[in-house]
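# Attaching a predicted model along with its sequence, questions to come.
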Amino acid sequence: MTLTICSPAFPHEGEIPIRYTCDGEDLAPPLEWHGVPAGTRSLVLIVDDPDAPDPAAPQRVWVHWLLYDLPPDSTGLPEGGEPLPPGTREGLNDWKRTGYGGPCPPIGRHRYFFKLYALDTVLPDLGTPEKPELERAMRGYVLDEAVLMGTYQRTKP
């Protein structure tokens with residue numbers, strides 16, 4: 001079985017409902033995953049937007065959420081992202097805080113990637129790492145990965 005990630009709130013490549021954005025309640029959408037490979041010791045979730053600030057001229061990848069050391073027997077996250085499974089650690093998003101920060105694109109329709117990684121190790125306590133530090137720590141330990149992509153474009157100014 002292959003690792004998969006999905007959300008009951010929106011389909012892959014579909015629009016993320018306003019509830020999960022800065023224009024709504026800014027809640028983390030519910031997530032589900034299946035097919036965690038044998039030998040997995042922990043999971044990592046990275047949510048980011050490669051279209052910042054403008055999809056027509058992207059300049060950077062904006063990080064919305066970082067979780068690591070999720071237990072391999074976890075099967076998802078509830079709406080709002082809490083409670084986190086026991087042992088889960090959080091990294092810093094690009095607002096320089098832990099937790100989920102929903103889509104809030106300044107211009108155009110952006111893509112948001114919910115990337116789940118199965119690792120054959122439990123990462124050491126990295127404190128509250130930023131994405132580059134977390135990705136360095138993961139290097140060489142990834143058994144499988146899965147991606148859910150959603151889009152969002154603001155209708156409010």
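Alright, I've got the coordinates.

# so what's the backbone phi/psi at the closest residue to Tyr152 other than its chain neighbours?
Leaving aside its chain neighbours, Tyr152 sits nearest to Pro103 (4.0 Å; criterion: C-beta to C-beta, 6 or more residues apart in numbering). The C-beta positions use only the backbone N, C-alpha and C, and glycine is treated the same way. Taking degrees, to the nearest 10, you get phi -50, psi 140 for the backbone angles of Pro103.

# I'd like to know how many residues surround Pro103.
Applying other C-beta atoms under 10 Å, we find 26 residues neighbouring Pro103.

# what do you get for the one 5 residues further on?
Neighbouring residues of Gly108 were enumerated by other C-beta under 10 Å; the total is 14.

# how near is it to Thr151?
10 Å (C-beta to C-beta, to the nearest Å).

# same question, Thr98
25 Å.

# Compare neighbour counts for those two and give me the winner.
In terms of neighbours (other C-beta under 10 Å), Thr151 is the more surrounded of Thr98 and Thr151; the figures are 18 against 15.

# What strands line up against the helix or strand harbouring the more buried one, and which way round?
Using DSSP states H and E, Thr151 maps to strand 142-152. Using DSSP bridges, strand 142-152 pairs in its sheet with strand 14-15 (parallel), strand 110-119 (antiparallel).

# sorry, back to before: ok, now which ones touch the residue nearest to Tyr152?
Ile16, Tyr20, Thr21, Cys22, Asp49, His64, His110, Tyr112, Tyr152 (C-beta atoms under 8 Å, 6 or more residues apart in numbering).
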